[in-house]
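K.L.:
Task: produce atomic coordinates for the following.
(chains A and B)
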Amino acid sequence: GAVVSQHPSWVICKSGTSVKIECRSLDFQATTMFWYRQFPKQSLMLMATSNEGSKATYEQGVEKDKFLINHASLTLSTLTVTSAHPEDSSFYICSVHPRAVGGYTFGSGTRLTVV
Amino acid sequence: GIQVEQSPPDLILQEGANSTLRCNFSDSVNNLQWFHQNPWGQLINLFYIPSGTKQNGRLSATTVATERYSLLYISSSQTTDSGVYFCAVGSGGGADGLTFGKGTHLIIQP
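P.N.:
Predicted coordinates:
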């Protein structure tokens, strides 16, 4: 099945700085990747859909200028949290949909803590 | 968008017990998955089951698409089964991402 690698697994940053999270599809060329966010003790919510070679589409309520998504190749999408604040502290996880295997495959997630 | 409701929200059982988790969804779907989220946050895919019945060891799942619900069965529970179980659905054929339910928090006591 598809393998998705996400890096880093966890990161602590100071308020006001930016953090980049990488999502790599190791054995599958993904024209589309998905980014989710999970606050403590809550469910996962789709934030945005990353499209290779074009602009990402964001879900309602997600600030596109704060969460910059770049999908420059078929195997890599990056999410940059700009000017991070403590309320951005969350678990961020990416996903792909390799049609051959059915269903969506998820990365291992990135736990972001902003202090 | 599609609404997903999971029940029960919390479940505490003794080791060896059986359990049934339910997922109701509000519209037709072409993707339904059950996940187990471990303490480190990783989502373990249990079943891809938009319809029908599947079994994998002590776990099995059934989706009745026409009635818009899915069930996850866990038999002979073990303490390692503890965690949060999510049902997630999609209708975009892989183009739209998944909508997750709020999850069932399962605690298996020794």
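K.L.:
Going along the chain, name the strands of chain A.
P.N.:
A:4-7, A:10-13, A:19-25, A:32-38, A:44-51, A:57-58, A:67-73, A:76-81, A:90-96, A:105-106, A:110-114 (DSSP state E).
K.L.:
Adding distance to B:Asn18, mean pLDDT and mean neighbour count, write the ones you listed out as JSON lines.
P.N.:
Every C-beta, even on glycine, is put in place using the N, C-alpha and C of the backbone. Rendered in JSON lines, the data for the strands of chain A read as follows (distance: least, Cβ to Cβ, whole Å; pLDDT from 0 to 100; neighbours: other Cβ atoms under 10 Å in any protein chain shown):
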{"stretch": "strand A:4-7", "distance to B:Asn18": "33", "mean pLDDT": "96", "mean neighbour count": "18"}
{"stretch": "strand A:10-13", "distance to B:Asn18": "36", "mean pLDDT": "97", "mean neighbour count": "14"}
{"stretch": "strand A:19-25", "distance to B:Asn18": "37", "mean pLDDT": "97", "mean neighbour count": "21"}
{"stretch": "strand A:32-38", "distance to B:Asn18": "29", "mean pLDDT": "96", "mean neighbour count": "24"}
{"stretch": "strand A:44-51", "distance to B:Asn18": "27", "mean pLDDT": "95", "mean neighbour count": "22"}
{"stretch": "strand A:57-58", "distance to B:Asn18": "42", "mean pLDDT": "95", "mean neighbour count": "16"}
{"stretch": "strand A:67-73", "distance to B:Asn18": "42", "mean pLDDT": "93", "mean neighbour count": "17"}
{"stretch": "strand A:76-81", "distance to B:Asn18": "40", "mean pLDDT": "96", "mean neighbour count": "22"}
{"stretch": "strand A:90-96", "distance to B:Asn18": "30", "mean pLDDT": "96", "mean neighbour count": "24"}
{"stretch": "strand A:105-106", "distance to B:Asn18": "27", "mean pLDDT": "94", "mean neighbour count": "22"}
{"stretch": "strand A:110-114", "distance to B:Asn18": "33", "mean pLDDT": "98", "mean neighbour count": "19"}
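K.L.:
Now distance to chain B too, for these, in a markdown table please.
P.N.:
Output for these, formatted as a markdown table (distance: least, Cβ to the nearest Cβ, whole Å):
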| stretch | distance to chain B |
| --- | --- |
| strand A:4-7 | 10 |
| strand A:10-13 | 10 |
| strand A:19-25 | 13 |
| strand A:32-38 | 4 |
| strand A:44-51 | 4 |
| strand A:57-58 | 10 |
| strand A:67-73 | 13 |
| strand A:76-81 | 13 |
| strand A:90-96 | 5 |
| strand A:105-106 | 5 |
| strand A:110-114 | 7 |
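K.L.:
As TSV, these with distance to B:Tyr73 would be great.
P.N.:
Shown next, in TSV, are those (distance: least, Cβ to Cβ, whole Å):
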stretch	distance to B:Tyr73
strand A:4-7	28
strand A:10-13	34
strand A:19-25	32
strand A:32-38	25
strand A:44-51	23
strand A:57-58	37
strand A:67-73	38
strand A:76-81	35
strand A:90-96	25
strand A:105-106	23
strand A:110-114	31
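K.L.:
Specify the beta-bridge partners of the residue nearest to the spatial centre of chain A.
P.N.:
Nearest to the geometric centre of chain A sits A:Trp35, at 3.8 Å (Cα atoms, centre = their mean). When assigned by DSSP bridges, A:Trp35 has beta-bridge partners A:Ala48, A:Cys94.
K.L.:
Hmm, A:Met47 and it touching each other?
P.N.:
Yes: with contact defined as Cβ atoms under 8 Å, A:Trp35 counts as touching A:Met47 (4.7 Å).
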